[in-house]
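**Student:** A predicted structure for the sequence below; I have some questions about it.
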2 protein chains.
Amino acid sequence: MISKNQIKYIQSLHSKKNREQEKLFIIEGIKLVTEFILDGSYTIKDLFATQDYIDNHIDLLKSKTVNCTEISLEDLKKISLQTTPNQVLAIVTTKDHELNSDWLQQGLTLYLDDIRDPGNLGTMIRIADWFGIKQVICSENTTEVYNPKTLQASMGAVLRVNVIYKSFNNVLSIAKNLPIYGALLEGKNIYTTQLQKGIIVIGNEANGITPEVQKQITNAITIPAATNNGSESLNAANACAIICGEFFRQLNY
Amino acid sequence: MISKNQIKYIQSLHSKKNREQEKLFIIEGIKLVTEFILDGSYTIKDLFATQDYIDNHIDLLKSKTVNCTEISLEDLKKISLQTTPNQVLAIVTTKDHELNSDWLQQGLTLYLDDIRDPGNLGTMIRIADWFGIKQVICSENTTEVYNPKTLQASMGAVLRVNVIYKSFNNVLSIAKNLPIYGALLEGKNIYTTQLQKGIIVIGNEANGITPEVQKQITNAITIPAATNNGSESLNAANACAIICGEFFRQLNY
């Protein structure tokens, strides 16, 4: 049974301020929670699961010695952020990833410059995961990785991709002579430019790349559009998908 | 001034059933509404705008003889579907696009197989627009193009892309000997396969391409992932972006 105090405490974690203070976050749903338990790289402080979930995951729960409390659907609704809670909710300890300078120097890195929408952030972490990008660096104004909507959209990709918050200047002081790619209107066609490993900057949904970061772009690129069609832009996450896909294609084939 | 009856009528258009019955839909916000007025290809039945919008678009409103009613922010909130309405809302007459068989035979066409999320549908129409795909055909179970969230996510792309609802069999009876591309796990790497014009099928967010349509796929393709990373899939709209981008690259360069 979950106590009234526990319910109140978990509800307090619905706000970013309290998540940061307590260094905890919430994940929900059979798929995401089960993936976190199996993976084991994050510490699950508490698990609240319905009888159904427990019955179907009895071996997993025994093998991983998770602190599991059975909960009624009614109580689950009280602590959930979803309109239709899906059997299970976990309270997980946050991780402070350090920037890995070897990965930065030798690999491909995404820098997210003031991404505001949690769903977009999550989906871009998922894209990074798909294409083997090991770290995603976010500007300090980028939305929170531990926002439940981000975690939901990332589909567990946060288990495999390190997400770090750092100013671009901070990254630059470590990244020596790396090409900095950014999608700008006057950039070179990504499909006909030879791409190399480096840093790919993705800008804010409405305003694009911030002026300070724009100054540091060494390789302006653009996704060509069919001519004269009047379309103005692609959604930031879709642009990110196309750009990462093209880097992957050129660097692997 | 807007009357109480008008408010009630517009609120009734918040539901799909009434939109379909009245053959009307709602668009909102300075950017989207202004684009519709300028474009002129849809009939705007009524426009409700705040004093601010009218002051800033006085020439446009005169030149296009739009039936414009000034509205208070308070009343705008009553008829709006957005939490923070943005100066203007328009009631627009729907269009029934016919499938263009020449475009189908000679161009590239997207077939959306049971896309459920309005935001995903809108974003895919925006992708089609970007890459010059003139028609998007939706299965009958695909979400409504005139859903306000679809229109918002499409960013005006519905003005340039014809969206048609048709069963796949219906499309097949017109599309003779066209390659039918579909993203399937066992498909060929899109980056190393020679792609041609034809139909690209994008499946449902959770369940992928329906079994009936899968049977008709002549060219199974796949977006390769970095090996052994555990990631399972890309979001449907991101997959669509990458696939359309790769078709565009191969067919144009």
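**Tutor:** Ah, there it is.
**Student:** counting by contacts, list what the one helix or strand residue A:213 maps to packs against.
**Tutor:** Following DSSP states H and E, one finds residue A:213 within helix A:211-214. Counting by 3 or more CB pairs under 8 Å, 6 or more residues apart in numbering or on different chains; DSSP states H and E, the packing neighbours recorded for helix A:211-214 are strand A:180-189. For every residue, glycine as well, the C-beta is placed using N, CA and C.
**Student:** so after the strand it packs on, what's the next helix or strand?
**Tutor:** Per DSSP H and E, strand A:180-189 leads on to strand A:199-202 as the next helix or strand towards the C-terminus.
**Student:** okay, now the sheet partners of that next one, with direction.
**Tutor:** Strand A:199-202 sits in its sheet next to strand A:109-112 (parallel), strand A:180-189 (parallel), going by DSSP bridges.
**Student:** winner for burial among those?
**Tutor:** Greatest average neighbour count among the strands paired with strand A:199-202 goes to strand A:109-112 (a mean of 26), per mean count of other CB atoms under 10 Å in any protein chain shown.
**Student:** wait, which of the strands paired with strand A:199-202 is closest to residue A:168?
**Tutor:** Taking CB to CB, strand A:109-112 is the member of these nearest to residue A:168, at 6.6 Å.
**Student:** now do the same contact list for residue A:172.
**Tutor:** Residue A:172 makes contact with residue A:216, according to CB atoms under 8 Å, 6 or more residues apart in numbering or on different chains.
**Student:** for it, give its distance to chain B.
**Tutor:** Shown here: residue A:172 relative to chain B, a distance of 26 Å by CB to the nearest CB, to the nearest Å.
**Student:** swap in residue A:168?
**Tutor:** Relative to chain B, and taking CB to the nearest CB, residue A:168 is found at 25 Å.
**Student:** phi first, then psi, for that residue.
**Tutor:** Per-residue torsions, residue A:168: phi -70, psi -40 (degrees, to the nearest 10).
**Student:** for it, which non-adjacent residue is spatially closest?
**Tutor:** Leaving aside its sequence neighbours, residue A:168 sits nearest to residue A:213 (CB to CB, 6 or more residues apart in numbering or on different chains; 4.9 Å).
**Student:** which of the residues in the lengthiest helix in chain A are buried?
**Tutor:** Longest helix in chain A by number of residues, with DSSP state H as the criterion: helix A:236-252. Buried positions in helix A:236-252, judged by neighbour count with 16 or more other CB atoms under 10 Å in any protein chain shown: A:236-249.
**Student:** residue A:137 belongs to a strand?
**Tutor:** Yes: counting by DSSP: H, G, I helix; E, B strand; the rest coil, residue A:137 falls inside a strand.
**Student:** skipping its backbone neighbours, what lies nearest residue A:49 in space?
**Tutor:** Excluding the flanking residues, the one nearest residue A:49 by CB to CB, 6+ apart is residue A:88, at 4.4 Å.
**Student:** err, residue A:66, not the other one
**Tutor:** In space, residue A:66 is closest to residue A:47, 5.0 Å off (CB to CB, 6+ apart).
**Student:** report the distance from the strand or helix carrying the one you found to the chain centre.
**Tutor:** Using DSSP H and E, residue A:47 maps to strand A:44-49. Relative to its chain's centre, strand A:44-49 lies at 21 Å (CA atoms, centre = their mean, to the nearest Å).
**Student:** now do stretch A:46-62
**Tutor:** That offset, for stretch A:46-62, works out to 26 Å (CA atoms, centre = their mean).
**Student:** got the buried residues for that stretch?
**Tutor:** A:46, A:47, A:48, A:49, A:50, A:53, A:54, A:57, A:61.
**Student:** so the first one versus chain B, what's the distance?
**Tutor:** Counting by CB to the nearest CB, the separation of residue A:46 from chain B is 25 Å.
**Student:** give the contact list for that residue.
**Tutor:** Contacts of residue A:46 (CB under 8 Å, 6+ apart): A:6, A:67, A:69, A:90, A:91.
**Student:** those residues in helices, which ones?
**Tutor:** Using DSSP H, the subset of the contacts of residue A:46 located in helices is residue A:6.
**Student:** narrow the contacts of residue A:46 to those in strands?
**Tutor:** Residues of the contacts of residue A:46 located in strands (DSSP state E): A:69, A:90, A:91.
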